[in-house]
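In: Need a 3D model of the following:
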Amino acid sequence: MLNEMEPDEHAHNRASLAGPSARSRNNHLKHQHILAVARDLFFANGFSATSMEAVAKEAAVGKATLYEMFPNKIELLRAIITIELDKRADRMVFDEISPGHLRAALARFAHALIDLLLSAQNVAIYRIVSSEAPRHPELGRFFYENGPARAIGLLADYLTTVMEKGLLQHGNPRLVAAQFIGLIRADMQTRSLFGVDEDILRTERVLIVESGVDVFLRAYAR
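Out: Numbering: from 1, shown residues only. This is a model prediction of the structure:
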C-alpha cells in the first residue's frame with residue numbers, strides 16, 4: 001500500500017517516472033541532504049551517540065537507502081570530513097614567489113590555515129576523530145593525510161621552490177613547513193579544542209599569526 005512506503009520511496013518513484021537525469025539529480029540531492037543531516041547530528045551529539053538509524057530518521061530516508069549510499073558510520077564520517085576540508089583547501093594557495101611577495105604569501109597561507117583550524121566545524125571534527133581514532137585507526141590516518149599532512153604538503157611544495165630561488169635557507173621542506181605551522185598555530189588550536197579563552201583567541205589570533213610569520217622569516221630568510 002502507498003502509505004506503507006518508507007519516506008524516500010515516494011520521491012524515488014516520482015524521479016523514476018521523470019527519467020534518468022531526474023533520478024540522478026534526485027540521488028545527488030538526497031546524498032547531500034544525508035551528509036548535511038549527519039554532520040549536524042555528529043557535531044551536536046558526538047559520533048558514538050549518533051546511530052545510522054537516527055540519521056535515516058532525521059533525513060527522512062529509508063535505512064536501506066542510507067546503507068546503500070554509506071555502508072557504515074565510518075564511511076559517512078569520512079565523506080563529511082572530505083567535504084569540510086575541501087571547502088577550505090582552495091584558500092591555502094600561493095602565487096607570487098619573489099622577495100617582495102614572500103612574507104605576504106606566507107601570511108596569507110597562515111591566516112587561511114588558522115581560519116580552518118579554529119573553525120567550529122574543524123574543531124568538532126578534531127574532537128570526534130581524537131575520540132574515535134583508538135577504535136578506528138584508519139579514520140585517524142585518513143583525517144591526518146587529508147588534513148594536517150595535506151596542509152604541510154602544500155606548504156612544503158611552495159617552500160621547495162622558494163629555497164631553490166635562494167629566498168630561504170635550504171632545509172628539509174616538510175620539516176620546515178611543519179615548523180612554520182607550529183609557529184603560527186602556537187597554542188591557539190589547543191585552546192580552541194578545549195574551549196579555553198575563546199574570546200581572547202578572537203582578539204589575539206592576528207597578532208599570534210603575524211608574529212609567527214616574522215619569527216619564521218628571521219630564522220630562515222636570506
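In: care to break this structure down by domain?
Out: Per the record, the chain has its domains at 2-71, 80-220, by automatic domain parsing.
In: Quickly, which of the ones you listed bottoms out on average pLDDT?
Out: Ranked by mean pLDDT, the domains of the chain bottom out at domain 2-71, with a mean of 81.
In: Centre of the chain to that domain, how far?
Out: Distance of domain 2-71 from its chain centroid, counting by Cα atoms, centre = their mean, to the nearest Å, is 23 Å.
In: With stretch 67-74 instead?
Out: 20 Å.
In: For residue 103, list the residues it contacts.
Out: 213, 217 (Cβ atoms under 8 Å, 6 or more residues apart in numbering). Using the backbone N, CA and C atoms, a C-beta is placed for each residue, glycine as well.
In: so where does it fall, helix or strand?
Out: helix 99-117 (DSSP states H and E).
In: helix, strand or coil for the one residue sitting closest to the centre of the chain?
Out: The residue lying closest to the centre of the chain (Cα atoms, centre = their mean) is residue 85, at 2.5 Å. The three-state label given to residue 85 by DSSP: H, G, I helix; E, B strand; the rest coil is helix.
In: Quick check, it in contact with residue 147.
Out: Yes - using Cβ atoms under 8 Å, residue 85 is in contact with residue 147, at 5.6 Å.
In: re earlier: list the contacts for the residue nearest to the centre of the chain?
Out: 116, 146, 147, 150.
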